[in-house]
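Participant: could you work out the structure for the sequence below:
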Amino acid sequence: MLRGKGDLTGYLGTNDAREVEKMINEGNEKAKLVFNTMGYQIAKEIGSMATVLAGKN
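Facilitator: Numbers count the residues shown, from 1 in each chain. Okay, here's the model as predicted:
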């Protein structure tokens with residue numbers, strides 16, 4: 001999981017967001033769930049770092 005299989009590749013077989021978007025547009029609910037969940041996790045981490053850094057970079 002630490003070396004290339006822990007992101008979109010591990011769940012959907014690709015790390016290309018354009019391919020994932022195509023899957024979603026074709027009605028793939030798993031692709032939609034994985035993509036939205038990944039976006040949520042990224043946003044959550046950004047928010048937690050903003051708190052720690054007090055809005056300063």
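Participant: could you check the pLDDT of the residue positioned nearest the centre of the chain?
Facilitator: When CA atoms, centre = their mean is applied to the chain, the residue found nearest the centroid is Met38 (2.6 Å). Met38 is assigned 92 on the pLDDT scale.
Participant: got the contact list for whatever helix or strand it lives in?
Facilitator: Element membership for Met38 (DSSP states H and E) is helix 29-52. Outside helix 29-52, the residues that touch it by CB atoms under 8 Å, 6 or more residues apart in numbering are 7-8, 11-12, 17, 20-21, 23-24. All C-beta spots, glycine's among them, are computed from the backbone N, C-alpha and C.
Participant: tell me which other helices or strands the worst-scoring helix or strand of the chain on mean pLDDT touches.
Facilitator: Among the helices and strands of the chain, helix 8-12 carries the lowest confidence by mean pLDDT, DSSP states H and E, at a mean of 89. Other helices and strands packing on helix 8-12, by 3 or more CB pairs under 8 Å, 6 or more residues apart in numbering; DSSP states H and E, are helix 17-25, helix 29-52.
Participant: what sits against Val20?
Facilitator: 8, 12, 14, 31, 34-35.
Participant: which of those count as buried?
Facilitator: 8, 12, 31, 34-35 (16 or more other CB atoms under 10 Å).
Participant: now those residues as a markdown table including distance to Ala50?
Facilitator: Below are these laid out as a markdown table (distance: CB to CB, whole Å):
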| residue | distance to Ala50 |
| --- | --- |
| Leu8 | 25 |
| Leu12 | 29 |
| Ala31 | 29 |
| Val34 | 25 |
| Phe35 | 23 |
